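Student: Fold the following and give me the result.
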Amino acid sequence: MPYLFFLLLVLFILPLNSYSDDTVPVTDTVVVDSAIVVADSVVLHKQFGLYGNIFVASDTISYHSIPSHNYTTLADILYSDLDFVTPLSTGIAGNANAYSAFGALSSENGLLLNGVSIGSIYGVANMEAVSPEFVSNIEILFGSKSAVVAGKSGSVVNIQTPKFDTKLPYSRIWYTQGDNKLIGVDATYSQNFMPNWNITAGFRRLSANSFYANSFVNSWNGRIELRHNISALSVISLLYHFTNYEQGDFGGVLFLDYNTNNNSPNETRSNFSNLADRQYNTDVILSYWQSADDTSLVFNANAFFKHKENNILFASQKELLMIDSSGRNIARAVDYGVNSYLCYSLLENVKLDAGGEIGYNNVPMTLLNSQYDGVGASVYGNATATMGDALLSVGARIARKYGQSLFSAGARADKNFAQNLLFSADVSLCNTEPIPVLSYLNERHILGVVNANKRSGSWNMNVSGFYRAIDNPIQLDLDRSNIYNSSIATGSTMNIYGIVGKVDIEIVKNLVCKVKFNAYVEDSDAKCLLSGLAQYSYVKGVNYVSGGIRCNVLMDGSKYYYNPVYKYYSQVDTEDRIEFDGIGAFISAKFGNAYVRASFDNLLGSNFSYLAYYPIQKQAFSLSLTWAFLDGK
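Tutor: Below you'll find the predicted structure:
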């Protein structure tokens, strides 16, 4: 690992000289953060943007929209941009924050890098361990699309890595600092070192803490991608992606203290004062991409190797989590295999998407789970037909994972009923992947979503109603008197139904108000999260200054508790009440290639939490910067 960071340091301090070929014509330009990058001799086809995607995205977040966010990690961006998610936040920047999609827990969310799944040794995706700076687009799949493509009933996030094509050096830095010992830096460097050969490298460092004992996060990320543009329609790349993610698994405020003194930082204790874990993930991905000139055929193939390691640190009671009687507490796993995606226009109005994966899966033995070694495989197909202003799609997926056979299927219909008015209906069935640390149990989800999207000159609305039925729901019981005494079982069918959405209104020119709502009933328990934002922007050319206030109101009678031992959630009854997050203020500005952001959250110091016993930070200030600069402009 030290050699990787030494290489990155050399790349930043001693930029490579541009390859010498003064006769190469400038055939195109690539706009990156408003900087003009001199392109290489091969003109990248417009469909080069498909490189690394999985072809059926429900939504896309472009990197060009990310710097305007006040964010620390990928989870913050997803909270802000996705209407259908409810935060499952521990209140600490970068520490095990996740989200629920249409009532499903975070175990039903998948994380892909250029179409290859990356995850932790627990089998649950860690959205905090990937750099938001190593992105060209973030593809979002949900409903039938996530079920068919990846076997996930919540959502799937596919990160397409940057596709720089620059003859001159390009660099970008991101920096943040704030209260609760928050500090982070991310740097990216890219350059073509010879015609049609590009190297993009970067590193990330983030650390944070709070006044709750053992609530820290300490993470590193390094990545290098070598890419060769064989032609305007053909690409091969090799990606090395490493994450060292350490977190204090503090388990929230001590149960007995929560309603008495959690507003007094010096007196606040946590449920786990010594438990921590360090996750090392190494992903090596060799990719090939090919497209027809008219995109009637797009093909992607990946060969991957994954090494995952978890070092469990439990100073006072290590024996609880040791793997065997010797006291060993380091678990290692290796996965490798190949996958491919194919998009083919069968007829003018009919498109077929298909894909598959085969690989070796390894899960190490711990006190939480038995060992598994075996071959896993999956294959899926999806057909989409356009009929006038209507779009219909249907697909299915079969898989074998951890010795269990899994089946998913889904269908979707989209229809334009009037100008800027779109309706859709989506239904899916998904046998979810088994979760190793939960005794390899899995669930069956049936999800139906009806959506209406209306866009007008001064207002936009996106509203979805949904129903989810979960057969054999996994239940991790919580014993507050002995937190180590957790039992795992499956319950009877759980029914969840609700409404989610967002409304944006431009009150006057440059003054926008946004309201996001997420209300649902889980069996007989009702929950509602309302988020409001008022924002004013002043724009001058490509520069702007924008600022405003935001707030969240939460009404519920029960919450989920995040159990850091299992990296899973328990449903716990809490006092019925309405919680207010204390108002947050924010400002962001763009000057040339530099973005500056500041936020001050929970100004009033309210006691607010998305998860039971995990209150958010009080009066937390943070400042961040993104700056792209180009040598030799």
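
Student: which residues does the residue nearest to Val135 when sequence neighbours are not counted contact?
Tutor: What sits nearest to Val135 in space, not counting adjacent residues and going by CB to CB, 6 or more residues apart in numbering, is Tyr63, at 4.8 Å. Every C-beta, even on glycine, is put in place using the N, C-alpha and C of the backbone. By CB atoms under 8 Å, 6 or more residues apart in numbering, the contact set of Tyr63 is 135-138, 162.

Student: can those residues go into TSV with extra columns for pLDDT?
Tutor: Below are these laid out as TSV (pLDDT from 0 to 100):
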residue	pLDDT
Val135	90
Ser136	89
Asn137	88
Ile138	91
Pro162	88
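
Student: for these, which one is nearest Asn416?
Tutor: Asn137 (24.5 Å; CB to CB).

Student: Lys502 versus the closest one, what's the distance?
Tutor: To Lys502, Asn137 is 21 Å away according to CB to CB, to the nearest Å.

Student: try Arg205
Tutor: In terms of CB to CB, Arg205 sits 34 Å off from Lys502.

Student: Compare these two and say which one has the larger neighbour count.
Tutor: Between Arg205 and Lys502, counting by other CB atoms under 10 Å, Lys502 is the more crowded of the two (20 against 16).

Student: show me where the stretch 101-250 of the chain has strands.
Tutor: Taking DSSP state E, counting those that start in this stretch as the criterion, the stretch 101-250 of the chain carries its strands at 109-113, 116-117, 137-142, 155-160, 170-178, 182-194, 197-208, 217-231, 234-248.

Student: mind putting those in JSON lines, distance to Leu256 included?
Tutor: Shown next, in JSON lines, are the strands of the stretch 101-250 of the chain (distance: least, CB to CB, whole Å):
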{"stretch": "strand 109-113", "distance to Leu256": "32"}
{"stretch": "strand 116-117", "distance to Leu256": "40"}
{"stretch": "strand 137-142", "distance to Leu256": "39"}
{"stretch": "strand 155-160", "distance to Leu256": "36"}
{"stretch": "strand 170-178", "distance to Leu256": "30"}
{"stretch": "strand 182-194", "distance to Leu256": "28"}
{"stretch": "strand 197-208", "distance to Leu256": "26"}
{"stretch": "strand 217-231", "distance to Leu256": "25"}
{"stretch": "strand 234-248", "distance to Leu256": "20"}
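
Student: hang on, the earlier thing: any idea how far the residue nearest to Val135 lies from Ala213?
Tutor: Distance of Tyr63 to Ala213, computed by CB to CB: 37 Å.

Student: for this structure, which spans come out with low pLDDT?
Tutor: 1-57, 258-267, 313-329, 484, 575, 630-633 (pLDDT under 70).

Student: Spell out for me which residue occupies the centre of the chain.
Tutor: By CA atoms, centre = their mean, the chain has its centre lying nearest to Met127, at 4.3 Å.

Student: quick one: contacts for the nearest residue to Leu441 once chain neighbours are set aside?
Tutor: Counting by CB to CB, 6+ apart, Leu441 lies nearest to Ile474, which is 5.2 Å off, once chain neighbours are set aside. By CB under 8 Å, 6+ apart, the residues touching Ile474 are 435, 438, 441-443, 488-490, 568.
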